[in-house]
Every structure is written in C-alpha cells, then in structure tokens.
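*Asks:* the following block contains a protein sequence and its predicted model.
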Amino acid sequence: MNKTLLLLLLLPLSLCGQNLTITPDNIHSLIDSTFKLSNRGDYDGYFHIINQLKNYLRENPSPVLESGLLLGEGYIYTDLGYLDKADQLFHQNLEVAQLSKDKESIALAYYALGYLTQEKYFAKAVNSPAKDECLAFFEAIDLLKELKDTLTLIDAYDAQGYLYFMQNNIPNAITYGKRAVSLVESIKFTDSAPNVYSNLAEYYIATHNFETAEAYLTKATEWMSKHPADVHGEYKYNVRRNLGTIYLHTGRRSEGIRLTNEALQYAIESKNSYLLKETSMQLIQDAITQNDFKDAFALQSAYLERQDSLHQMEMALHHDRNQTMLNIGLREKDYQLLEAKLHAQHLLVYAALGVSALLLALLASMLFFYRQKKRFNTNLREEVARQTEVLRISNEALERFAFVASHDLRTPLRNVISFIGLIQRRLKNQKDPNLMAFIGYAKEYANHMNRLLNDILAYSKIGGQKELAHEVVDMDEVLHTTLELVKEHAGEKKPGIKIAPLPAVIASYTSMMRLMQNLVENALTYNDKPNPCIRIEATETDDGMALISVIDNGIGIEADYHQKVFDMFTRLHNLEQYPGTGLGLSICKRIVEESGGSIWLESALGEGTTVYFTLPLAKTGAGSTVRSIKAGQIEKQLSVA
C-alpha cells in the first residue's frame, strides 16, 4: 500500500503539546516520522497533531493530503474498535479521493472500506455488509491493476479471498487466494508471502483437501526459513496452527499437538482473545475426539481462566481508550477557545482603530462581535454533542461486554448441569439421602444460574441491538400467543384470565411478547390462590397513549417496594418461597421505556397487584386508532389450565 498516505496518522512524541509551524517544505518530513508515535499508541498526541494539520489544510486545501488524513484517522478508529466512526471517515475519504481524481488515493479508499468490512465480520457487527462495502475490494483491484501496484494488489486479492472465506464462500476464496499466490511467485520479495500461502491453505483445509493445503504451508515454511528477519509473529502463528490442524486430521497427532501448542503460546503472549479461542478450541476438540474428557475439561478450564483474564485487561484498555477519546475532545475544545480568543484580540485592535470612524463602522463592529459570539456558542454545542457521542460509544461497548460475558458463561454452566445430571443418574441407587439431597440442591442452583444468565442476555439485548423496531403491533394477537406459552407455567393452578379488547400500538412484536409473558407469569407465580384471577384491560389516555393494566389477586407488594421492584436483581422472597431471577420487571421497564412509554404499579400486601404501562397508539388516519379501545365493553374469559 501507499505508506505515505497512511503515515499521516501519527507524529513523534516530541512534537506533542506544541503548536507546529507547518509549511510545504516540512510537511513531508513530519509525515515520514509518524511511525514512532503509532508504535507507542499515543493517540492523544496523534490527534493533537491532526488538528493542526486540519487547520493547515483549511487554509491550504489539498484533496490528496486531506484524503490521507481521513484514511489514517479511519484506521485509528478501526484499531480502537469504533467501527461506526471509522465507517463515516472511510466514506468521507472516498468522496474526497474521488474529487481529487487521484487514482492511487481512490484505490486506497476502496481498500480501506473492504478492510473495514472484514473487521465488522470479525467483530460480528454486521449480518450482511452494505453494497458499496461488498464491491470495495473489486473496485480497489481494478484500479491497482491499472496502476500496476503489484504489492498492494497481492494484499487486495488475499483480503478479498479471506472475506469470501468468512462468508463461507470457499470456491471464490480459493480463486482469489490462488491469484494472490500467483502474484507472490511472480515477484522477488514480499513480506506477506507466508500469510498468503497460509490463508490459501486454510481454504483447502475447509474442503478437507489436506494434501494441497500442506503443499502451500510447506512453501510458507520454506519462505520463512529463508527470510527469518522478515516474518511477522501472526504469520508464523497462522502457519503453525494450520499445519497443526492438518496433522491432527491425518494421523500425525503428536506433531499436530506440538504445533498447535506453539500457536497457543503465541496467542497467550500476544494477548489476542480471538487467537486464544481459535487454538484452545482446536485442542479441546482433539481431546474430545480422542475420548480424553479429563484432558478436554482441563483444557477448557485453562481457556476460561485465560479468557477471563483477557476480558479484564480488555475492559481496562477500553477504559483507557475512552479516556483518550475524552481528552481528544477536550483538546479540540481548547483549540476552538484559543482560536476564538485570538479573534477577539484582533477585534479589540480593530475596535480601537474604529473609535474615530463613522457610526456605521461601530455598528458593523458590534454586528461582527455578535456573529463571533454566535459562532463560539455553536462550536460549544457541537463539542457537547461530540462528548455525548463518546459516552454513547462507551455505553454501547459496556452493553456488548455484558452480552458477551453472560453469553460465554452459558457453555461451561451447561456442562456443569450435564455433569450433575450424569452424577445424579450414576448415584440414583445410593441409600444416602443427604448425598442425593445435596446433588439436587446443586442442580437446582445451577439451573437458577442458567435462568439468571438468560435474563441478563435478554436485558442486554433490549435497545442495544435495535430490536425495538417501530411497527404496528396487535396486542390482542400478542396476548393470545402469550397465553399459549404460559400454560405450562400455571402448573396445578387453574387460573381464570379475563381480557378486554386491546389496542394496536407502535412497538416491537418480539418485545411485546416478552413484556406480556413476564407480566402474566408474575401474576401466576406470586399468587397463593388455587384459582388465580387475572384481568387485562386497556384505555386511552388524554395524550393519546394506550394505557394497559394487568390486575391480579396475588400476594401483593408492600408500598416501600413499589419502585424498587423495577431495579435489576431485586427479589422480595427467597427461592424456596417463589422462583425467579429478580430481572423480570427490570426487563419490562426497559422494554416499555425504549418503546416510548412508562410503567408503574399499585399494590397492597395480601390484596393483589395492578401493573400499568403506556405505549404509543397506532394511527390509521386523522386521530383514529387501528382498533377502538373505548368500545371494548364485552370481556372474554380464557382458562390456561
């Protein structure tokens, strides 16, 4: 790739904190020194310099240099994990590059969009990329052919092949992998050669063509032995892991285990959670294939311990990065304030000179001051918006972490439940009642932990994955489907449920199902009557919202806890009295608030509970709802027993 355009990312640490004098004579020397700051990871220093370069380009426009700045900044945000911001910068870079009509800049812009698409797949941030992202590598390849930039063309072929591989399109992955290999073998030297060979081998491994895969990995090994000083650590990792895979599948297990362990050691030392999972799962799967469940369990435990350690390090690193982004925003604000201060000083000079001028000049100066103040206020508002965006990114990252953490815990917990079940069946003829009781307690609490993790996952998904789509939802249909789902929950109770006609609302169908299921199950669970009575009613509020109420004759809630029960992990009873995770009403509250409504309850101990919530009504025309809820005078009674 064209390193000059990418080097605009960073500048030496010694330059940070200074106001640089940038001229056409020294700008390229500044660009050439940027790798030092890149290796240090000093992003605060980087953005300090970038802001000055942007100011320089405002006064000295250069589309090629502006494209380079946007490209480099996009790669920085990609490395930091802020893919939405990187996407914005890469698309802006493409527009600037196309305006410059510089083919090399345009090719690099398309390459960057393709690279971002790969990162989104790695981060599982997309199900299917945008159309321009799908075609990005193809556009880059056409331009690179025209420019005869063989080195970058090798990278583009290789990257497009791996993108096909991640999409499980193995034939196309092999086609582009072969094109990259063909170019590698047509030139004297490229340090990406072992990675190109290894990636193509990985495609053949996916088709179980181990002989061809091993041939390409042999070429990679020979290249690395000839150029040991030019081998990247991750390239060596890929070759060892792929060779280990082949050996494990072709009867050379001891050698395969050795190579895979070497790859695992690199993953541990590089603190890369993706590589750690990849190699650990390979070793665990091999142990299971060999029926060595003890070794598999030990490997699984070691992997979970390492992964937990990496999660903690990644959270600390993420906090540092967020602090860096906050510092960057404050630094930009300092530049704006300094610029406004300098302008104000100039205006004072002009005002002193204009004292003896005409009244018109004085009025013009006052108008100018007003505009400057307005501009400063505008800049301040923009800064607040930027800081809000930084906090939003941080909150999204924390929600993703809660989702991933709880999701990753479910696999070992399921294993624990399975093993307890095996022990329980193995010892079913034991005459020791205490032992069987202890096993029963262990299984009960493990199942409770599993339900708790499911509820945490459900809570973290609400809003964060944009599941609350705006659509017309028939609440009658939702409720009738819900009643079918809760029949088993009723157990030996024979509840009577009365339902008034319900309106159509603007919300998410899936979220409304979860909301109504939680509320109906609560009404059944916290009810000490053999024949619980539940009523579900609806009316319209003065401000045009649907007000829906779920009324039961259960045990009720003391007044002190009417607000607290909506907090996460709030339980008013122990598990022996009533089951539950303490998240049901928290999930209900988040669903309703994300849908634009509110939720509350009224209750007295021993006298039942009424839960109220509001949702936006669906409209068909001028002020009319999809279904009239004021005409709902006839109620129908359903039995879920």
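*Replies:* Yes, it's here. Residues are numbered from 1 along each chain as shown.
*Asks:* can you map out the strands along this protein?
*Replies:* 471-474, 496-499, 504-507, 533-540, 545-552, 599-603, 609-616, 636-639 (DSSP state E).
*Asks:* could you name the helices and strands sitting against the second one?
*Replies:* Packing contacts for strand 496-499, counted by 3 or more Cβ pairs under 8 Å, 6 or more residues apart in numbering; DSSP states H and E, involve helix 475-485, strand 533-540, strand 636-639. The way it works is simple: take the backbone N, C-alpha and C, and place the C-beta from them, glycine included.
*Asks:* apply 10 Å and report the result again.
*Replies:* On a contact count with 3 or more Cβ pairs under 10 Å, 6 or more residues apart in numbering; DSSP states H and E, strand 496-499 meets helix 475-485, helix 509-525, strand 533-540, strand 545-552, strand 636-639.
*Asks:* out of these, which is closest to residue 391?
*Replies:* Nearest of those to residue 391, taken as Cβ to Cβ: helix 509-525 at 24.7 Å.
*Asks:* for the closest one, what is the average pLDDT?
*Replies:* Averaging pLDDT along helix 509-525 gives 87.
*Asks:* also stretch 70-89?
*Replies:* Throughout stretch 70-89, pLDDT has a mean value of 80.
*Asks:* and stretch 155-172, by the same measure?
*Replies:* Computed over stretch 155-172, the average pLDDT equals 89.
*Asks:* quick check: buried residues in it?
*Replies:* Judged by neighbour count (16 or more other Cβ atoms under 10 Å), stretch 155-172 contains these buried residues: 155, 156, 157, 158, 159, 160, 161, 162, 163, 164, 165, 170.
*Asks:* so which of these sit within helices?
*Replies:* 155, 156, 157, 158, 159, 160, 161, 162, 163, 164, 165, 170 (DSSP state H).
*Asks:* make a markdown table from the residues you listed and add distance to residue 277 to it.
*Replies:* Below are those laid out as a markdown table (distance: Cβ to Cβ, whole Å):
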| residue | distance to residue 277 |
| --- | --- |
| 155 | 26 |
| 156 | 28 |
| 157 | 27 |
| 158 | 23 |
| 159 | 22 |
| 160 | 25 |
| 161 | 22 |
| 162 | 18 |
| 163 | 20 |
| 164 | 22 |
| 165 | 17 |
| 170 | 22 |
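*Asks:* now, among these, which is nearest to residue 80?
*Replies:* Closest to residue 80, out of all of these and judged by Cβ to Cβ, is residue 159, at 20.5 Å.
*Asks:* what about residue 572, how many residues close to it?
*Replies:* 15 (other Cβ atoms under 10 Å).
*Asks:* hmm, it is touching residue 558, no?
*Replies:* Yes. Between residue 572 and residue 558 there is a contact under Cβ atoms under 10 Å: 8.0 Å.
*Asks:* shared neighbours of these two, anything?
*Replies:* Residues within reach of residue 572 and of residue 558 at once, by Cβ atoms under 10 Å, 6 or more residues apart in numbering, are 564, 565.
*Asks:* quick one: pLDDT of residue 198?
*Replies:* With respect to pLDDT, residue 198 scores 90.
*Asks:* from residue 303, how far off is the closest residue to it other than its chain neighbours?
*Replies:* Spatial nearest neighbour of residue 198, chain neighbours left out: residue 238 (4.2 Å); criterion: Cβ to Cβ, 6 or more residues apart in numbering. Distance of residue 238 to residue 303, computed by Cβ to Cβ, to the nearest Å: 19 Å.
*Asks:* more crowded one of those two?
*Replies:* More crowded of residue 238 and residue 303, by other Cβ under 10 Å: residue 238, with 24 against 19.
*Asks:* OK, contacts around that one?
*Replies:* 194-195, 197-199, 201-202, 217, 220, 232, 263, 266, 275, 278.
*Asks:* what do you get for residue 561?
*Replies:* Residue 561 neighbours (Cβ under 10 Å, 6+ apart): 567, 570, 572, 601, 603, 605.
*Asks:* hmm, back to that, what's the closest of the helices and strands packed on strand 496-499 to residue 188?
*Replies:* When those are compared by Cβ to Cβ, helix 509-525 sits nearest residue 188, at 57.9 Å.
*Asks:* okay, now the domains of this protein?
*Replies:* As assigned by automatic domain parsing, the chain contains the domains 232-332, 391-461, 471-639.
*Asks:* let's have those domains in JSON lines, adding distance to residue 102.
*Replies:* As requested, the domains of the chain are exported to JSON lines (distance: least, Cβ to Cβ, whole Å):
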{"stretch": "domain 232-332", "distance to residue 102": "28"}
{"stretch": "domain 391-461", "distance to residue 102": "32"}
{"stretch": "domain 471-639", "distance to residue 102": "45"}
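*Asks:* those domains: which one's closest to residue 369?
*Replies:* Comparing those by Cβ to Cβ, domain 232-332 comes nearest, at 23.7 Å.
*Asks:* can you list phi and psi of the closest residue to residue 531 other than its chain neighbours for me?
*Replies:* Nearest non-adjacent residue to residue 531, counting by Cβ to Cβ, 6+ apart: residue 494, 5.2 Å away. When quoted as degrees, to the nearest 10, the phi and psi of residue 494 stand at phi -120, psi 80.
*Asks:* burial count for residue 494?
*Replies:* Using other Cβ under 10 Å, residue 494 has 13 other residues around it.
*Asks:* right, I'll leave it there.
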